[in-house]
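Asks: With the input below, show me the fold.
(2 chains)
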Amino acid sequence: MSSPGLVIAFTLLLPVFGALLVLVFGSKPNVREAATLLVGALTFWHVRELLHLVQEGARPRLDLFEVVPGVQLAFEVEPLGMVFALVASFLWPVTTLYAIGYMRGHHEENQTRFFFFFAIAIAGALGVAFSANLFTLFLFYEFLTFCTFPLVTHHQTEEAKRSGRIYLGILLGTSVGLQLLAIIWTWQLAGTVDFRVGGILAGTASAGVLGAILVLYVYGVGKAALMPFHRWLPAAMVAPTPVSALLHAVAVVKAGVFTVMKIAVYVFGIDLLGTLATTPWLAWAAATTIILGSLVAFTKDNLKARLAYSTISQLSYIVLGAMLATEMGIIGGGMHIAMHAFGKITLFFAAGAIMVAAHEKKISGMHGLGRTMPVTFGAFFVGSLSIIGLPPAGGSWSKWFLGMGTLEAGQIGLLAVLMVSSLLGLYYLLEVPVKAFFFKPPEGAHHHEGIKEAPLPSLIAICITAAATVGFFFWPDVWYDLMVMVVNQ
Amino acid sequence: MRENLPALLVVVPLLLAPVAALVGRKAAWAVAAAACWWSLYASIALLQRVRAEGTISYEMGGWAPPYGIEYRIDLANIFVAIIVALIGAVTIPYARKSIAKEISDDRGALFYAAFILCLTGLLGIAVTGDVFNVFVFLEISSLSAYSMIALGEDRRALTAAFHYLIMGSVGASFIVIGIGLMYVMTGTLNMADLAVRLPEVADNRTIPVAFTFLTVGITLKLALFPLHLWLPNAYTYAPSAVTAFIASTATKVAVYLLLRFFFTVFGETFSFEVMELDRVLMPLSIVAILAMSLVAIYQANVKRLLAFSSVAQIGYMVLGISFGSVLGVTAGIIHLFNHALMKGALFMAMGCVMYSVGSVRIEKMAGLGKVMPWTMAAFVGGGLSLIGVPATVGFVSKWYLVQAALERGLWPVAGVVLIGSLMAAIYIWKVVEVAYFQSPDPDYEIREAPLSMLIPTWILVAASFYFGIDASLTASVATQAAETLIGGLP
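Replies: Residues are numbered from 1 along each chain as shown, chains lettered A, B, ... in the order given. Sure thing, here's the model as predicted:
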């Protein structure tokens, strides 16, 4: 393969190219989807290329040009970004496969536009993952917000419009109002916005000012959905399920928590982070979100809404990991980006499959469905285990390291929060497969007759992600090794 | 010709104006196009000369300054001249169909004559180094602007033009009073000469009075809150091409005048330390940003909405200037250019809607995203810039402005800048929602605007993205211009 910079360029441009193919072949659905799948596979292959370089210790870099004097549009692949890029680029073709079954099975309209913006959004997510400085990151962060807007409001109904407002309002409001202020402040203090090992802010201003900037950052990354800026996530559930799955369990929300991690490690640095007065406060803010998110999830009967609140809760695990300011916390948080992605996307896939096959959104209506859709509910069970953090699912590793991180930081209270939240998850997630498998369908419910499993492409996608979830319990090395590299550079 | 380029930049359009008035409508358009493209060529050539050789001083008619009129071209004013010429050159192809539709045939030729005169006046203000000459060109540009606005289809255009005429004349009188007072005290009208002589008499009460008259007069011309009352109606009811041209140029030139008088003629020390200008300008510009953005949110006519947004954006420029620092003035100058691009694009998109739909009220724009995809995409593009999304020019402006505020330790002001962009998001999105989420009225057929209007619109949209992604040219020119202004005359 040619120079690493070129590989980065290819990786970022391939999804855009894929999007153009989607437009060109808009009238031929089969060609259109085949093109997306092919380009998706190619993108993943390129990311793997970069993975090997990173594992060997290289830091592939691509400098484009100066936007304003001193601020470059530039990309650099480091281990943390690699984790996010791997997750996003692997799950994109899988989700496309799923979407083929879902969008057709559900007779959705405007599928060309859907697949177009879908591909563009992946380019945005990869841009976030590979950005070499805060400016580039912010550019792609906003790009991601805007190009997912048409996906969220796909149905163009009154409800979609309202949700779109909340979505854009919160994400734009926090990023422009808080995050941008923090970025320019950082530039003012440090004279650079580059991500550097060990951070760039140490010693540039008093601890009070730096603590304030940290707060601006953590709340300014609205995509991390720290309460009270979480409302956009449930609102965005109005989108078609593949969007919810990829963007709101993987690309968008992970772009958020990834940004928090990246800023914690490469702008502040773990050492500086540990000394700031606001860090423990933010850790507790994350802990509050973890508990409240789980409690709200409890009350939701609509499956997608329940999953949305579960996501809010789980995202804060990662924010918490960053705010512990310990090596174990960072490792756990980074691994949770990957583990949660695979677990949660399985859950969303299953929820969508139930919707397509049985037209059922409410958990109370799923009694007994497990017997007619064993694969879907089986996958849901596996995904739940991962989110809760039970073996044999990948999520148990990230939770393990997060727990270790709380002990390393000497915060027993936070460990208790993690435990309680897992217990809550045990209930609100496992309730679904348990009721589906062991409860009898309600009397006189004929609507279960004639229900089959979801369309084959969707089913294959579900099996892939569920299998990966289990696989990462036995082989978590990829993620673990990358995260160890992050803390040991 | 090369030697006389500074004069020719202004003289060629001035001579072409009566020609346009004498021929038919179509020929008049060609004359106007020639005038616009000539001035674009000339101003770019001058920019290259200034960057290579430094400030150009041109003696009109060979009369040496301070007795004769001097054209003095440095980076700050050639930058402004380029903005004017560029917007003119892009507007003129756009105007052909738009004007043919909105103005009756028999007035077409006169319209183009007025258009050329307005261009002449604005260019003249930019390049001249003589304060009385400034006044003359100001009147040329203003009078032609009043008449162009009065040509609007809507009958309310007449009252809007009259209102503008009264307010504009008050502003112009204030300016001429200020100039007169300075002349009485120093006996000179040459800017460079004034800059030398004014400090000697600065203790005299007359100079602060002159300063005050000039400040009020110019801020009226640039529509700083609360002297903006003429602007919304004028922009709303003027013919579409006129709105696009004037909104992107006239107020910008007035902002330049402010810079020239404060920094070059009176000097930074007098303006900011003796007169404490920042105490006046900063609160007013903050109110302009917040209040006018809020008013914009509640407008039902999109041209009017954009007009109020313009008043808010002028607040950004003046805010930058009010910091009195190199960074602040740089931010102001960059925004001058950037705002011209994005507002030009937005008003042009609205002109396309006017052309095809016949109205720019929000409710008439239902479903336009489907039937006029290119026009509305241009509107979204310009709107993103107004919001200040990264990779657009609006972001670059914000980047410098927030930096300038933080440099002075004024982080609440930095917050105001960012809140302003969020309010922009609200009023832009209001239009986007109607255009994309409602279905078009099936009763009457709407077609996409003609290419001759779409291409100029998209040139400005593309420019607003290009200069947002690669801002090194604008940023370096603006920084040098700011240094020239603050450092005094070279």
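Asks: contacting residues around the residue in chain B that chain A sits nearest to?
Replies: Going by C-beta to the nearest C-beta, chain A is nearest to residue B:390 of chain B, at 4.0 Å. C-beta coordinates here come from the backbone N, C-alpha and C atoms, glycine included. Residues near residue B:390 by C-beta atoms under 8 Å, 6 or more residues apart in numbering or on different chains: A:135, A:138, A:139, A:142, A:143, B:468.
Asks: The last one touches residue B:393, doesn't it?
Replies: Yes. Under the contact definition of C-beta atoms under 8 Å, residue B:468 touches residue B:393, with a separation of 4.4 Å.
Asks: So for these two, which residues contact both of them?
Replies: In the contact map built from C-beta under 8 Å, 6+ apart, the residues linked to both residue B:468 and residue B:393 are B:338, B:385.
Asks: Can you tell me which of the contacts of residue B:390 is closest to residue B:74?
Replies: Nearest to residue B:74 out of the contacts of residue B:390 is residue B:468 (C-beta to C-beta; 25.8 Å).
Asks: For the closest one, grab the count of nearby residues.
Replies: 27 (other C-beta atoms under 10 Å in any protein chain shown).
Asks: cool, the one 4 residues further on as well?
Replies: As a burial measure, the neighbour count of residue B:472 was computed by other C-beta under 10 Å and equals 15.
Asks: Run through the residues that contact it.
Replies: Residue B:472 neighbours (C-beta under 8 Å, 6+ apart): A:65, A:66, A:67, A:68, A:69.
Asks: quick one: the last one from chain B, how far?
Replies: Plainly put, residue A:69 is 6 Å away from chain B if you go by C-beta to the nearest C-beta, to the nearest Å.
Asks: likewise the first one?
Replies: From residue A:65 over to chain B the distance is 6 Å, taken as C-beta to the nearest C-beta.
Asks: Tell me what that residue is bridged to.
Replies: Under the criterion DSSP bridges, residue A:65 forms beta bridges with residue A:73.
Asks: That one touches residue B:470, doesn't it?
Replies: Yes. Under the criterion of C-beta under 8 Å, residue A:65 makes contact with residue B:470 at 6.0 Å.
Asks: The two: who's more crowded?
Replies: Counted by other C-beta under 10 Å, residue A:65 and residue B:470 do not tie: residue B:470 has more neighbours, with 17 against 10.
Asks: circling back to that earlier point, which SS state does the residue of chain B closest to chain A fall under?
Replies: coil (DSSP: H, G, I helix; E, B strand; the rest coil).
Asks: ok, and the closest non-adjacent residue to it?
Replies: residue A:139 (4.0 Å; C-beta to C-beta, 6 or more residues apart in numbering or on different chains).
Asks: Tell me how far the one you found lies from residue A:101.
Replies: 34 Å (C-beta to C-beta, to the nearest Å).
Asks: for residue A:172, same thing?
Replies: Note on residue A:172: its distance to residue A:101, by C-beta to C-beta, is 33 Å.
Asks: ok, now residue A:179?
Replies: Relative to residue A:101, and taking C-beta to C-beta, residue A:179 is found at 37 Å.
Asks: and residue 186, how many neighbours does it have?
Replies: Using chain A here. Residue A:186: 24 neighbours (other C-beta under 10 Å).
Asks: Correction: the question concerned chain B.
Replies: Using other C-beta under 10 Å, residue B:186 has 20 neighbouring residues.
Asks: Can you give me the neighbour number for residue 112?
Replies: Since you didn't name a chain, this refers to chain A. Neighbourhood size, residue A:112 [other C-beta under 10 Å]: 16.
Asks: sorry, should have said chain B
Replies: For residue B:112, the tally of surrounding residues (other C-beta under 10 Å) stands at 32.
Asks: Also residue B:219?
Replies: Residue B:219: 24 neighbours (other C-beta under 10 Å).
Asks: Doesn't it lie inside a helix?
Replies: Yes. Assessed by three-state DSSP, residue B:219 belongs to a helix.
Asks: dump the residue contacts of it.
Replies: Listed by C-beta under 8 Å, 6+ apart, the contact set of residue B:219 reads B:227, B:258, B:284, B:318.
Asks: For PyMOL, write the selection for the buried entries among the residues you listed.
Replies: PyMOL command restricting those to the buried ones, with burial defined by 16 or more other C-beta atoms under 10 Å in any protein chain shown:
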select buried, chain B and resi 227+258+284+318
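Asks: Now pLDDT too, for the contacts of residue B:219, in JSON lines please.
Replies: Below are the contacts of residue B:219 laid out as JSON lines (pLDDT from 0 to 100):
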{"residue": "B:227", "pLDDT": "88"}
{"residue": "B:258", "pLDDT": "90"}
{"residue": "B:284", "pLDDT": "93"}
{"residue": "B:318", "pLDDT": "93"}
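Asks: Tell me where the chain has strands.
Replies: Looking at chain A here, since you left the chain open. A:61-68, A:71-76 (DSSP state E).
Asks: To clarify, I was referring to chain B.
Replies: Taking DSSP E to define them, one finds strands in chain B at B:56-59, B:70-73.
Asks: and among these, the most buried is which?
Replies: Using mean count of other C-beta atoms under 10 Å in any protein chain shown, the stretch among those with the largest mean neighbour count is strand B:70-73, at a mean of 23.
Asks: who does that one touch, helix- and strand-wise?
Replies: helix B:5-22, strand B:56-59, helix B:105-127, helix B:191-201 (3 or more C-beta pairs under 8 Å, 6 or more residues apart in numbering or on different chains; DSSP states H and E).
Asks: Okay, buried residues for the third one please.
Replies: If I follow you right, that is helix B:105-127. Buried residues in helix B:105-127, defined by neighbour count with 16+ other C-beta under 10 Å: B:108-127.
Asks: what angle do that helix and helix B:5-22 make?
Replies: 170 degrees (axes from the mean of the first three to the mean of the last three C-alpha atoms, to 10 degrees).
Asks: same question, the last one
Replies: Here helix B:191-201 runs at 110 degrees with respect to helix B:5-22, directions being taken by the same axes, to 10 degrees.
Asks: Quick check: buried residues in helix B:191-201?
Replies: Quick answer for helix B:191-201 (16+ other C-beta under 10 Å): B:191, B:192, B:193, B:194, B:195, B:197, B:198.
Asks: and residue A:359, how many neighbours does it have?
Replies: When neighbours are counted by other C-beta under 10 Å, residue A:359 registers 11.
Asks: I'd like the mean pLDDT over stretch B:438-446, please.
Replies: For stretch B:438-446, the mean pLDDT works out to 75.
Asks: contacting residues for whichever residue of chain A sits closest to chain B?
Replies: Residue nearest to chain B within chain A (C-beta to the nearest C-beta): residue A:139, separated by 4.0 Å. By C-beta under 8 Å, 6+ apart, the contact list for residue A:139 reads A:73, A:127, A:131, B:390, B:391.
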